[in-house]
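Participant: structure, please.
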Amino acid sequence: MLIIADDRMPKKAKMRLENIGEVLWLEPQKVVYESIAAHPDIFFCQMNNHLFASPQIPPRWENKICEFGIQLIKGTSELGSKYPQTAHYNAVFSGKTLIHNLNISDPKLLQSEIVTEFFHVNQGYTRCNLLAINDKTFVTSDAGIFSTLTKKGMEVLMIDPLPIRLPDQKHGFFGGCCGIWNDILVFCGSIDNLAEARSIYLLMERLNMRVINLYDGPPIDVGSIFFIDNASQPPLQ
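Facilitator: Model (predicted):
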């Protein structure tokens with residue numbers, strides 16, 4: 001397994017994450033603005049054990065990913081300094097469903113043979129705002145995503161993003177704080193700092209999952225944390 005995370009994550013959180021597995025730490029890239037310049041969900045989109053990637057990722061990142069036997073699919077859309085050029089890969093694959101603002105999705109995401117259903121949302125920073133717990137259960141910090149998925153019959157927990165930190169921005173987003181590792185929600189910060197903490201813990205308990213808070217401080221949007229098995233794992237069918 002390879003973990004992909006922002007190198008600017010707090011030191012205590014980095015140390016805890018390194019105890020879980022090998023980490024590809026992303027250094028900031030000048031192609032996008034500073035707040036998100038090392039965020040995994042800006043440069044990559046995860047689909048099971050595959051990664052879609054911006055064609056601008058540095059060779060070091062690409063080499064490390066390939067060393068782990070992870071299938072890397074280069075997109076055609078280049079990132080830029082302003083939205084929506086920053087959000088071409090900020091999508092969520094859940095089972096056979098792609099959730100994103102489909103008007104700005106990289107074509108390679110839309111052409112995936114696995115996808116049988118597309119959910120359009122207005123929020124281009126979809127992965128920043130949305131964590132797929134499983135194919136039917138989600139946590140989001142975006143009201144529009146909440147409305148869309150609820151109407152599709154999904155179970156969705158809504159989180160107030162205001163306590164979540166993101167440098168140089170008013171606040172960050174829930175999805176950007178975390179990732180799923182097996183049956184564990186791994187969170188950058190302490191979920192106890194969120195008003196909805198009890199609801200999150202109860203949801204995890206009901207799903208036979210647990211939470212790892214990487215450090216005791218406030219939640220920080222680090223552009224998601226990706227946990228990716230190598231290609232020896234069977235792809236999603």
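Participant: which residues touch Ser141?
Facilitator: Contact partners of Ser141, counting by C-beta atoms under 8 Å, 6 or more residues apart in numbering, are 129, 158-161, 164, 173-175. Using the backbone N, CA and C atoms, a C-beta is placed for each residue, glycine as well.
Participant: and Pro219, by the same measure?
Facilitator: Neighbour list for Pro219: 163-165, 172, 174, 177, 187-191, 193-194 [criterion: C-beta under 8 Å, 6+ apart].
Participant: from Met158, how far off is it?
Facilitator: With the distance defined as C-beta to C-beta, to the nearest Å, Pro219 ends up 15 Å from Met158.
Participant: who touches the nearest residue to Ile73 once chain neighbours are set aside in this structure?
Facilitator: Nearest residue to Ile73, sequence neighbours excluded (C-beta to C-beta, 6 or more residues apart in numbering): Phe52, at 5.0 Å. Taking C-beta under 8 Å, 6+ apart as the criterion, Phe52 is in contact with 44-46, 73-75, 89, 106, 108-109.
Participant: could I get the residues you listed as CSV with distance to Lys30, neighbour count and pLDDT?
Facilitator: Formatted as CSV, the contacts of Phe52 follow (distance: C-beta to C-beta, whole Å; neighbours: other C-beta atoms under 10 Å; pLDDT from 0 to 100):
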residue, distance to Lys30, neighbour count, pLDDT
Phe44, 18, 25, 98
Cys45, 21, 30, 98
Gln46, 24, 22, 97
Ile73, 24, 15, 97
Lys74, 20, 14, 97
Gly75, 19, 22, 98
Tyr89, 17, 26, 98
Asp106, 20, 25, 98
Lys108, 24, 17, 97
Leu109, 24, 22, 98
